[in-house]
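Visitor: Have a look at this prediction, sequence included:
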Amino acid sequence: MSHRLQVLISTELDLQLRKAAQRKRMSKGEWVRRTLSESLRQAQHTGAVVDPLARLSSLDAPTADIDAMIRDIEHGRS
């Protein structure tokens with residue numbers, strides 16, 4: 001089963017992400033999935049405690065009400 005995760009990022013970070021994915025000849029989504037998996041594997045191997053929610057919170061990224069974000073996503077598809 002797959003789950004959707006929406007993360008708001010800056011324009012500059014999006015540009016860096018797009019370039020990194022293009023270098024690997026994959027979609028941004030696939031690049032993010034692989035990078036997250038590798039990062040979690042490395043953290044488990046080194047014994048580091050990984051708290052993804054704390055890490056996301058530390059980014060101080062903009063957030064919104066989930067229902068509003070879903071409406072915006074659906075509006076963008078029409």
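Guide: Nice, I can see it.
Visitor: Please make it C-alpha for all contacts and neighbour counts, starting now.
Guide: Fine.
Visitor: Give the residue spans of the chain that score low on pLDDT.
Guide: The chain contains residues with pLDDT under 70 at 47-50, 78.
Visitor: Now do the helices in it.
Guide: In the chain, the helices defined using DSSP state H lie at 11-23, 28-46, 52-58, 66-77.
Visitor: Please identify which of the ones you listed is closest to residue 2.
Guide: Counting by CA to CA, residue 2 lies closest to helix 28-46 out of the helices of the chain; the figure is 11.5 Å.
Visitor: The closest one: which residues count as buried?
Guide: For helix 28-46, the neighbour count (16 or more other CA atoms under 10 Å) marks 28, 31, 40 as buried.
Visitor: Can I get these in TSV including distance to residue 17?
Guide: Below are the buried residues of helix 28-46 laid out as TSV (distance: CA to CA, whole Å):
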residue	distance to residue 17
28	7
31	8
40	18
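Visitor: Which one of the residues you listed is nearest to residue 63?
Guide: Among the buried residues of helix 28-46, and counting by CA to CA, the member closest to residue 63 is residue 28, at 20.6 Å.
Visitor: The residue nearest to the closest one when sequence neighbours are not counted: how many residues sit nearby?
Guide: Counting by CA to CA, 6 or more residues apart in numbering, residue 28 lies nearest to residue 21, which is 5.3 Å off, once chain neighbours are set aside. As a burial measure, residue 21 scores 17 neighbours (other CA atoms under 10 Å).
Visitor: again with residue 7
Guide: Residue 7: 9 surrounding residues under other CA under 10 Å.
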